[in-house]
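**Q** 3D model of this:
(one chain, ligands or ions: 1)
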Amino acid sequence: MSPLPAGYRIVSVPESRKDEFVAVDHLAFGFEPTPETLAEVPNTLEWDRTMAVERADGTLAAVHSSYAFELPVPGASVPCAGLTWVGVRPDERRRGLLSAMIGTHFERALGRGEPVSALFAAETAIYGRFGYGSAADDLRLKIPRGAKLREIAGSEALTVSFEPVDRERHTDLVSDLHRRAGAGRPGWMPRNTAALQARPVVDPPAWRDGGEPLRIVVVRDQDGDPRAYALLRRKETWVDAGPRYPVSVRESVAVDAAAAHRLWSFVLDLDLTSDVSTWLLPTDDALVHLLVDVRAALPRLADNVWVRLLDVPAALAGRRYLAPLDVVLDVTDAHLPANARRWRLVTGERGDDGTYGARVEPTDAEPALTVHVRELGAAYLGGRSLTAMVTAGLVVEHAAGAALQAGGAFGWPVAPVCSWVF
Ligand SMILES: CC(=O)SCCNC(=O)CCNC(=O)[C@H](O)C(C)(C)COP(=O)(O)OP(=O)(O)OC[C@H]1O[C@@H](n2cnc3c(N)ncnc32)[C@H](O)[C@@H]1OP(=O)(O)O
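**A** Numbers count the residues shown, from 1 in each chain. Purely as a prediction, here's the structure:
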């Protein structure tokens, strides 16, 4: 992708070089965890997927790693390299180190048979140039205490517990409910290792920003089975008019509407509090529909997961489509030339769930759409409209109506999101 400075080379990083690796990331991100935090937070790196740029003197100048994920996509899931821990020493910036690492990352992911890569972007300007497209938004709300919810039958019968988070007791509960609540949602990345499963329930004091230790609200049915949780903390705040504690929700999930109603009825009515801030909710979360006055919750969108199609035909054939489609796409991709050509995507028989699989083959036929691999990545999870991209001038439509038809097939009724940052 771009040559490294003379004497620099890309190397694998074994666990024995963990301290060197982590030190580069701390320099790049400008933070230094306390020994207490380091001891408490599990290291999630997969060492056979952890790489660095080494200088001629053997020291590390830049690092990255990836997770072996299975990315939920519309109606299916595909192997995915979850790019993470990208950092370049501040005194080595803008010399092409990231570009070289991205080249290695693509090559290794393709070698492992991963047709897709995904990431959370520290800054939005970084990854589009490498063909990653912003594929989902998440919703952030700041809901006034006591906000009214629409009534949902069955909510009253559910019980609620509120307790300190305990890693031993709550890891499995959170993992299991997270998986169940997100089933069928594109982008809902499973936390597939013990270290990743522990992440949501660890709570070193340095992460509390003056708030209380992490608490968990659990909603259970009459049999005692968990149906929803919220991980949250309150921050003691007194003003002349009285208590005004803000509540910050780290993660919340519910397996059905009654559980969501019971959960939010409780969280929105905690004593001493003034408002509840949510994080990384899907844009179609049940809460949006339950709130009587969603405007008062000051909804705000932020870019969520970014997706890069590494192997275009395998990636496009790896998901389902909402409508029959026969379309020729002229794909542009400056970094992975094997993708840069015309592809014919043809859907097959309608499946039992009403959706369609597809085969994707090279063709010389005239294209209906010219699309950069970045925009294809953005549309891949079904949450971005190809028609809107034509309107914005990012996708070129050669045949009238092609974007409407392809967009209808690529779209998906469940909004994509990843509920946690990897
Ligand atoms: C998935 C994740 O882990 S996200 C975390 C990313 N890490 C961080 O944000 C930590 C702090 N920043 C860094 O470590 C580095 O500055 C990085 C990783 C963002 C960039 O690394 P560099 O080695 O400087 O990038 P590199 O020199 O390869 O730049 C490639 C191109 O991207 C551009 N670029 C790189 N970073 C940025 C940025 N933050 N904003 C805008 N453009 C950028 C460069 O200008 C260059 O453009 P050009 O090709 O037109 O000349």
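**Q** isn't residue 83 up against residue 121?
**A** No: assessed by C-beta atoms under 8 Å, residue 83 is found out of contact with residue 121, at 9.7 Å. Backbone N, C-alpha and C define where each C-beta goes, glycine included.
**Q** which one's more surrounded, the two?
**A** With neighbours defined as other C-beta atoms under 10 Å, residue 83 and residue 121 compare such that residue 83 has more, 27 against 17.
**Q** put the alpha carbons of stretch 334-348 into CSV.
**A** Listed next in CSV are the C-alpha coordinates belonging to stretch 334-348 (Å, rounded to 0.1, in the frame of the first residue of the first chain):
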residue,chain,number,x,y,z
ALA,A,334,-7.6,1.5,-5.3
HIS,A,335,-6.1,-0.7,-2.6
LEU,A,336,-7.4,-4.2,-3.5
PRO,A,337,-7.3,-4.4,-7.3
ALA,A,338,-9.0,-7.8,-7.3
ASN,A,339,-12.2,-6.1,-6.2
ALA,A,340,-12.0,-3.3,-8.9
ARG,A,341,-14.1,-4.6,-11.7
ARG,A,342,-17.7,-5.2,-12.8
TRP,A,343,-19.6,-7.7,-10.7
ARG,A,344,-23.1,-9.2,-11.5
LEU,A,345,-25.1,-9.8,-8.3
VAL,A,346,-28.1,-12.1,-8.9
THR,A,347,-30.4,-13.3,-6.2
GLY,A,348,-31.7,-16.8,-6.1
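**Q** residues of that stretch that come out buried?
**A** 335, 336, 339, 341, 342, 343, 344, 345, 346, 347 (16 or more other C-beta atoms under 10 Å).
**Q** before we move on, what about stretch 226-238?
**A** Buried residues in stretch 226-238 (16+ other C-beta under 10 Å): 226, 227, 228, 229, 230, 231, 232, 233, 234.
**Q** avg pLDDT for it?
**A** Mean pLDDT, stretch 226-238: 98.
**Q** with stretch 189-198 instead?
**A** Averaged across stretch 189-198, pLDDT comes to 97.
**Q** is that stretch in proximity to the ligand?
**A** No: with C-beta under 6 Å from any ligand atom as the criterion, the ligand is not reached by stretch 189-198; the gap is at least 13.2 Å.
**Q** what distance separates that stretch from the middle of the whole chain?
**A** In terms of C-alpha atoms, centre = their mean, to the nearest Å, the centre of stretch 189-198 is set 13 Å apart from its chain centre.
**Q** which residues touch that stretch?
**A** 42-44, 46, 67-72, 82, 118, 167, 171-172, 174-175, 178-179, 199-200, 305, 418, 420, 422 (C-beta atoms under 8 Å, 6 or more residues apart in numbering).
**Q** can you narrow the residues you listed to ones near the ligand?
**A** Restricting those to those near the ligand - C-beta under 6 Å from any ligand atom - leaves none.
**Q** of the residues you listed, which belong to strands?
**A** If you go by DSSP state E, the contacts of stretch 189-198 have 67, 68, 69, 70, 71, 72, 82, 118 in strands.
**Q** the first one: how many residues sit nearby?
**A** If I follow you right, that is residue 67. With other C-beta under 10 Å as criterion, residue 67 counts 21.
**Q** and residue 276, what does it touch?
**A** 141, 142, 143, 145, 232, 246, 247, 249, 267, 268.
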